[in-house]
Each structure stands twice: as structure tokens, then as C-alpha cells.
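Undergrad: This is the structure alone, sequence omitted:
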């Protein structure tokens, strides 16, 4: 499993992904699930992936390869004019990768499925985030649905719904994502640390604010243990249901 | 979907279930999912069901019918000597119901599947809770796993993990269950109010403390809105992650 969130704020975009991949509990490894393409001043693109690792690695490799060979530059995520075109391109590439795997004896093609979050900004456009399905189609964040989750989405969703505010600062947004990730790693073994984080400030066209939150990060530990205590504290203050 | 929790405390057992059944979002109804058999002073049995409604209704009807006709009383949940025997009986009956449905043209027999929580106490034994799988086998609560959830279990699990304490009062336990249910109904349309509640005090052999929590219940509303505010409040008090 996997857990990734892409969130749009008034200030910009925030992305966080876990790094655990597993083919059963007896076979797990650390793998990056967040990838960036950046032409400073022109475009900043971030992709996060969930699902079959062979599929997502092929997807990223194809996108990468096509962005490097100039003769194959069109279509490329370095050539597309808008974020919408990039989402279409990623969707088409994802569909192509899944179709390549499917006919080779395996009938259940969704075994090779993957979901992808694509976000970023291109000069002249607004920051945007898309969620791309295995079929290659996609949806975009709106004011009503200001964030997308892929992978193990359920455990960490209630706090996102309750505490999200589009006007929140990047600091608060990262704190919110860490609480959501913390609830998830505590409930599902197949989501694991370290976490990859990227903060994208609207209009900066610079995706270099990337960091990795390791298991021994003191602030994450303070948030994790503090959240448990804060929940219990909040709980005791609620009215009792007389029985 | 469905959401049911059976929880063991030092003081006794607490059961809560939602009442929404749905065959798609355009076809939903209220259905009771909590059933009790009580011979005061001798036995108090509570069963909660999740899964295919045809299967769970058949299961309950069979158990009910067999407990009523004296010649068929053995095996019956009114005749079994221990909670373990009752769990075996319910498991065997569930397997029988699913097997009855399966051969009639449908190959995916798990379409008819259901999960069941059985709890209660029989004179001379301890209170116990079992979770029964569609295959008819089952597990029992232990000190390490003091509660079982069936149905849509994920949204409401993090708070259960954080706030559960075997020494908590019935009032606090019901409050905890309401918070867990509240997170779930806010995230999954197929879980809905009203909720059925039963409190069983250890040794009482009396399962009459049953109530239904309706949508307009003022305490539930206070807990629901208070929990949102308490979460946001707890969230602001956490340390910030400097980015």
C-alpha cells in the first residue's frame, strides 16, 4: 500500500508521500513515490504514485525518458503548455503502461493498476492538482475538494476533513499532513516512514523545497505523541452520553 | 456498508451498530443489525451483523427459529453451554446460509458473505466477544485486542486505538463509540443513523439496557460538533513543523 496527499492552499501546493512498498508483509522496501520535473521560472511539476510498483516505475521512466530525448520531446511533460495537458499526457502514459502489462497472460488488468497525483504550475497558469485513474482519465481539485489522497486513504481522512483550511500556512498544512500520516502508519503496516515532503509556493515555479522526514525526526515524534495526548484530552472534555 | 463495534471493558460489554443498509446509493433503508437473546439470570447474547442483508437476515431468522421450536432446540443459542459453543453455532449457521446461496448460479460466493460479532455471557462463564468470519471460523477478544469492528472499520479506528482504556466507564465508552461512529458517518454515506446501543454489565445476565440514538439526539450533536472543535483546538496546540 501507499499513502500520498496532494493539497492546494491559497499559498500554494503541498505534497507528502510515504516510501514503503510491499509485496506481502515479508517483502517490503523503501521506494520513492514522489518525482519532480522543474524548469525554474517556466514549470514545476510533481507526480506521486500509488499501486503496482512495476507499473508506477515504468510510468515514471517513460515520462522521464520522453522528457530527455529532444526528438521525442513532443508529447513530453517538459513541452506541454498547461497543467491540464500534462494530466492528459500522464493519464495516456499510465493507460499505455497498464495495457502493456495486461495481455501477457493475466486477465485481471487492475492487478497492474496505479493511481497518480499530478500537481504543479506552468508559467502563465494557476497551480493545479489532478488525480489520475488507471483508465487514464482524471479529476482536478476544486474549492469543494481541495486535496486528493491515494493509497490507504481512510484512516487519515477524518482529520483532513475537520482541520483543513485553504488559508492555513505551509507550517500548519505540513503539521496536518503529519497527523494524517501518523494515524495511517499506526493503523496500516504497509504505509511506512520516511515521508517525502514538497512545498510549492504559488508563482515560484520552483520545486526545490523538498525534504525527507525520517523516523527519528524530533518534531514528528512530538507531533505524533502530542496528538495522542491531545486526542485523549479533547475526548475527556466532550459531554458524556448518559447511559 | 455497515459499522458495528463490540467492546469489552472491565465493567462489561458495549455494543453499537448503525442501521443503514444500501444496495447502491439510490436504494437505501433502515435495518436493525443488533439482535439480543436474553434469559434473565441465565444468559444474555447479542449479535451484530455486517454484509449481505439476505444472508444476515437468514442467519438471524434461522437462529431465532431454532431457539423457538423445542424439538430443534439442540443446537440452539438458548441451549449452548458456553459463549464459545455459541460462537461455533453461529459460525456453522452462517456458513450454512452462505453455502445455501452460493450454488445457484453465482460463482463468487463471497458476494453473499457476512461478518458477525457475537457477545454476551452465560451463567458460570465470563463475558466474551467473538468475531465470526464468512467461513464460519472466529476469533475472540483478548486484552491486546479488546474490541472488534465490522463493516466500514477504517475511519473510526484511529480514535479507538488512542482513547480506549479497559477501565473506562460505560459513559466514556459510549462517548468513544459515538466519536468513532461520527467520524465514519462523516466519511462514508453507506453508514447512517440512527445507532443502536447496548450496554451489558458483567454478571448481570440482563441485556435490556438497549437504546436507539436518533439523528436529533442533542448529546450526540454536542459530541459531534464538540469533537470537530476539540480536534481543531488540539491541532493548533501541536508543535509546528518548520518548513
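TA: Received it, and whenever you're ready, just let me know what you need. No experiment lies behind these values; they were computed from the predicted model shown.

Undergrad: what about chain A, any weak spots by pLDDT?
TA: A:70, A:72-74, A:102-110 (pLDDT under 70).

Undergrad: Report the beta-bridge partners for the residue sitting nearest the centre point of chain A.
TA: Centroid-nearest residue in chain A: residue A:4, 3.6 Å away (criterion: CA atoms, centre = their mean). Per DSSP bridges, the residues bridged to residue A:4 are residue A:17, residue A:150.

Undergrad: Chain A: helices as residue ranges?
TA: A:53-68, A:83-101, A:157-163, A:170-187, A:218-237 (DSSP state H).

Undergrad: most tightly surrounded among the ones you listed?
TA: helix A:170-187 (a mean of 23; mean count of other CB atoms under 10 Å in any protein chain shown). C-beta: built from backbone N, CA, C; applies to glycine.

Undergrad: that older thread, kindly reformat the helices of chain A as a markdown table containing distance to chain B.
TA: Below are the helices of chain A laid out as a markdown table (distance: least, CB to the nearest CB, whole Å):
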| stretch | distance to chain B |
| --- | --- |
| helix A:53-68 | 23 |
| helix A:83-101 | 23 |
| helix A:157-163 | 4 |
| helix A:170-187 | 4 |
| helix A:218-237 | 3 |
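
Undergrad: Any chance of a markdown table for these, columns distance to residue B:184?
TA: Formatted as a markdown table, the helices of chain A follow (distance: least, CB to CB, whole Å):
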| stretch | distance to residue B:184 |
| --- | --- |
| helix A:53-68 | 30 |
| helix A:83-101 | 32 |
| helix A:157-163 | 8 |
| helix A:170-187 | 14 |
| helix A:218-237 | 16 |
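
Undergrad: who wins for proximity to residue A:11 among these?
TA: helix A:170-187 (6.2 Å; CB to CB).

Undergrad: tilt between that closest one and helix A:218-237?
TA: 80 degrees (axes from the mean of the first three to the mean of the last three CA atoms, to 10 degrees).

Undergrad: packing partners for helix A:170-187?
TA: If you count contacts as 3 or more CB pairs under 8 Å, 6 or more residues apart in numbering or on different chains; DSSP states H and E, helix A:170-187 packs onto strand A:3-8, strand A:12-17, helix A:157-163, strand A:195-201, helix A:218-237, helix B:157-163, helix B:218-237.

Undergrad: Look up how far residue A:92 lies from the nearest residue to residue A:56 once chain neighbours are set aside.
TA: The spatially closest residue to residue A:56, leaving aside those adjacent along the chain, is residue A:49, at 3.7 Å (CB to CB, 6 or more residues apart in numbering or on different chains). Distance of residue A:49 to residue A:92, computed by CB to CB, to the nearest Å: 16 Å.

Undergrad: Next: residue A:68.
TA: 18 Å.

Undergrad: With residue A:48 instead?
TA: 18 Å.

Undergrad: for residue A:46, same thing?
TA: 19 Å.

Undergrad: any idea which residue of chain A is furthest from its center?
TA: Farthest-out residue of chain A from its mean C-alpha position, per CA atoms, centre = their mean: residue A:243, at 43.4 Å.

Undergrad: who are the neighbours in contact with residue A:1?
TA: A:20, A:22, A:50, A:151-152, A:188, A:190-191 (CB atoms under 8 Å, 6 or more residues apart in numbering or on different chains).

Undergrad: can you put the residues you listed in TSV and add neighbour count?
TA: Formatted as TSV, those follow (neighbours: other CB atoms under 10 Å in any protein chain shown):
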residue	neighbour count
A:20	21
A:22	17
A:50	23
A:151	24
A:152	20
A:188	21
A:190	19
A:191	24
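
Undergrad: Which ones among the residues you listed map onto strands?
TA: A:20, A:22, A:50, A:151 (DSSP state E).

Undergrad: I figured the second one hits residue A:188, correct?
TA: No. Proximity of residue A:22 to residue A:188 does not meet the contact threshold set by CB atoms under 8 Å, at 10.3 Å.

Undergrad: number of nearby residues for residue A:78?
TA: Here the count is done by other CB atoms under 10 Å in any protein chain shown, and residue A:78 has 19 residues near it.

Undergrad: That one and residue A:37 touch, don't they?
TA: Yes. The criterion here is CB under 8 Å, and residue A:78 meets it with residue A:37 at 6.4 Å.

Undergrad: so what sits against both of the two?
TA: A:43, A:67.

Undergrad: Please name the residues that touch residue A:179.
TA: Residues counted as contacts of residue A:179 (CB under 8 Å, 6+ apart) are A:156, A:159, A:163, A:223, A:227, B:235, B:238.

Undergrad: show me the contacts for the last one.
TA: Under the criterion of CB under 8 Å, 6+ apart, the neighbours of residue B:238 are A:175, A:179, A:222-223, A:226-227, A:230.

Undergrad: from the residues you listed, which is closest to residue A:212?
TA: Among these, and counting by CB to CB, the member closest to residue A:212 is residue A:223, at 16.1 Å.

Undergrad: Against chain B, how distant is residue A:69?
TA: Between residue A:69 and chain B the computed distance is 35 Å (CB to the nearest CB, to the nearest Å).

Undergrad: er, residue A:152 actually
TA: Going from residue A:152 to chain B by CB to the nearest CB gives 8 Å.

Undergrad: now residue A:124
TA: 27 Å.

Undergrad: What of residue A:28?
TA: From residue A:28 to chain B the distance is 20 Å (CB to the nearest CB).

Undergrad: which residues sit in contact with that residue?
TA: A:20-22, A:190, A:192.

Undergrad: could these go into CSV alongside distance to residue B:213?
TA: As requested, these are exported to CSV (distance: CB to CB, whole Å):
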residue, distance to residue B:213
A:20, 39
A:21, 42
A:22, 39
A:190, 35
A:192, 37
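
Undergrad: between the residues you listed, which is closest to chain B?
TA: residue A:190 (13.1 Å; CB to the nearest CB).

Undergrad: Quick check: closest non-adjacent residue to the closest one.
TA: residue A:1 (3.7 Å).
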